[in-house]
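Q: Coordinates for the following, if possible.
(one chain, ligands or ions: 1)
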Amino acid sequence: MVLRWCELTGKDFEKLKPQIAILPVGTVERHGDHLPLGTDNIVPEWLAERVAERLENAVVLPPVKYGVSITLAKFPGTISIPPEAFMNYVKHIMLEVVRNGIKYLVVINGHGGNTRELQVISKEVAAETEASVLLIDWWRDVAQDKRFKIFQYPGHAGEDETSAIMAIRPELVKMEHAEDHVMPYPRLKIYSRVLEDKLFPRAVNGKATLASAEKGKEFLNAVIADIIKAVEEFTKLVA
Ligand SMILES: [Zn+2]
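A: Okay, here's the model as predicted:
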């Protein structure tokens, strides 16, 4: 059974006194021509529920659906929030969750553009309260052996992300519009519109055409198992 914060009555909440809260965070962003604009919400929200149903005393928070999508803001369908507004809003959600007695906050992030902002506010919340925060970028912080075994060309709207949506919401994927574009991300920290246009000419980087629901299921199962292990390790480390 999944415990969802907004489905509990106040009385249930008081009785339950949950220790662990899981916050899915995503964005609304173009993912090529074949994936839904809410791809970065669909995956972390689904993962949060799969993880919560297998953990004791964990409750799923309502998700943060809007994020920082500066790089792909020029593509129709993207909704990008300025970093300062995003950080301020999400930090205050986190502080309120902690004020309600949560000791362990697990953030499952579905979007690379949010990562640095989430790192900054997680550090601040940890410094300002007694709570601890575990931040997980679902596609790159867990199950990486599996990721590189299953997928030849993972990347934005590429083989891994397309496979994940095919496994979770197959009816939303238009494979007839899937495209491939492969350009490795440079090792250097370069900030440049010229480079962004090369990396994402069509809001895809990877080989979307190689995706399948089977690959998605295999990867997501490994991701769920690894997140559960990570949460157990986290709660032990900071107890
Ligand atoms: Zn994505």
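
Q: For the rest of this, base every contact and every neighbour count on C-alpha atoms.
A: Noted.

Q: now residue 116, what's its secondary structure?
A: Assigned with DSSP: H, G, I helix; E, B strand; the rest coil, residue 116 falls in the helix class.

Q: Count the residues that sit near it.
A: Look at residue 116: counted by other Cα atoms under 10 Å, it has 12 neighbours.

Q: what's the spacing between it and residue 136?
A: Residue 116 sits at a distance of 12 Å from residue 136 (criterion: Cα to Cα, to the nearest Å).

Q: Could you do residue 158 as well?
A: Taking Cα to Cα, one finds residue 158 at 20 Å from residue 136.

Q: which one of those two has more residues nearby?
A: Between residue 158 and residue 136, counted using other Cα under 10 Å, the more crowded position is residue 158 (29 against 21).

Q: what residues are up against the more buried one?
A: By Cα atoms under 8 Å, 6 or more residues apart in numbering, the contact list for residue 158 reads 180, 204, 205, 206, 207, 208, 209, 211.

Q: Phi, psi for it please.
A: Phi and psi for residue 158, reported as degrees, to the nearest 10, are phi -90, psi -150.

Q: Repeat that for residue 227.
A: Main-chain dihedrals, residue 227, degrees, to the nearest 10: phi -70, psi -40.

Q: circling back to that earlier point, tabulate the contacts of residue 158 in a markdown table, adding columns for pLDDT, secondary structure and neighbour count.
A: Formatted as a markdown table, those follow (pLDDT from 0 to 100; DSSP: H, G, I helix; E, B strand; the rest coil; neighbours: other Cα atoms under 10 Å):
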| residue | pLDDT | secondary structure | neighbour count |
| --- | --- | --- | --- |
| 180 | 94 | strand | 17 |
| 204 | 94 | coil | 26 |
| 205 | 94 | coil | 26 |
| 206 | 93 | strand | 26 |
| 207 | 94 | strand | 23 |
| 208 | 95 | helix | 29 |
| 209 | 96 | helix | 17 |
| 211 | 97 | coil | 26 |
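
Q: which one of the residues you listed is nearest residue 50?
A: Nearest to residue 50 out of these is residue 211 (Cα to Cα; 22.0 Å).

Q: how close does the closest one sit to residue 87?
A: Taking Cα to Cα, one finds residue 211 at 33 Å from residue 87.

Q: now swap in residue 70 and tell me
A: Residue 70 sits 14 Å away from residue 87, going by Cα to Cα.

Q: Could you check which of those two has the larger neighbour count?
A: Set residue 70 next to residue 87 and count neighbours by other Cα under 10 Å: residue 87 wins out with 22 against 15.

Q: before we move on, which element is that one in?
A: helix 83-99 (DSSP states H and E).

Q: Confirm residue 136 sits in a strand?
A: Yes - assessed by three-state DSSP, residue 136 belongs to a strand.

Q: mind listing what it touches?
A: 106, 107, 108, 109, 142, 227.

Q: closest to residue 196 among the residues you listed?
A: Looking at the contacts of residue 136 and their distance to residue 196, the nearest is residue 109, at 21.7 Å (Cα to Cα).
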